[in-house]
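>>> model this:
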Amino acid sequence: MKARYRLFRRHNGIFFCEDRETRQQESLRTKDRAEATRLLCAKNEAHQQPGFGLHVARAYLAAADPALARKLQAHKEKLAKGVEEKSRKLKETV
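Purely as a prediction, here's the structure:
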């Protein structure tokens, strides 16, 4: 599969990526080639595997602040329980 985004550098030294389908260009806001390549790879991976980015974000969050990650998990479980309860009540009324 061909990568959707390509990397290029403008005359001012700042790296940009270009969407091969829409030809839309976006600044990567860096002059460092290694950082630009990493950002470009992330954009291409996000396009190829849309759900994978969420898992990576959760891993970064858990490593950066485990307490916050636990709080978010608890809120997510509480929200899911509330949705299940509402769904059960709605089925009972029908």
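>>> domain ranges for the protein?
For the chain, automatic domain parsing gives the domain ranges 1-48, 52-94.
>>> And the helix or strand of the chain with the lowest mean pLDDT, how far out from the chain middle?
Using mean pLDDT, DSSP states H and E, helix 66-93 stands out as the lowest-scoring helix or strand of the chain, at a mean of 83. The gap between where helix 66-93 is centred and where its chain is centred comes out at 23 Å by Cα atoms, centre = their mean, to the nearest Å.
>>> Report the beta-bridge partner residues of the spatially closest residue to D32 that is not a sequence neighbour.
Spatially, and ignoring its direct neighbours in sequence, D32 is nearest to F15 (8.0 Å; Cβ to Cβ, 6 or more residues apart in numbering). Backbone N, C-alpha and C define where each C-beta goes, glycine included. Beta-bridge pairing of F15 under DSSP bridges involves R9.
>>> Got the phi and psi for R29?
Note on R29: backbone dihedrals following degrees, to the nearest 10 are phi 60, psi 40.
>>> hmm, back to that, for the least confident helix or strand of the chain, which positions count as buried?
A69 (16 or more other Cβ atoms under 10 Å).
>>> do stretch 6-14 as well
Neighbour-count burial for stretch 6-14, counted by 16+ other Cβ under 10 Å, picks out L7.
>>> Give me the contacts around that stretch.
Stretch 6-14 has contacts (Cβ atoms under 8 Å, 6 or more residues apart in numbering) with 15-18, 20, 27-31, 33, 36-37, 40.
>>> repeat that for 10 Å
15-20, 25, 27-33, 36-37, 39-41, 43-44 (Cβ atoms under 10 Å, 6 or more residues apart in numbering).
>>> Just the buried ones from those?
Those of those that meet the buried threshold are F15, F16, C17, E18, L28, A36, L39, L40, K43, N44, by 16+ other Cβ under 10 Å.
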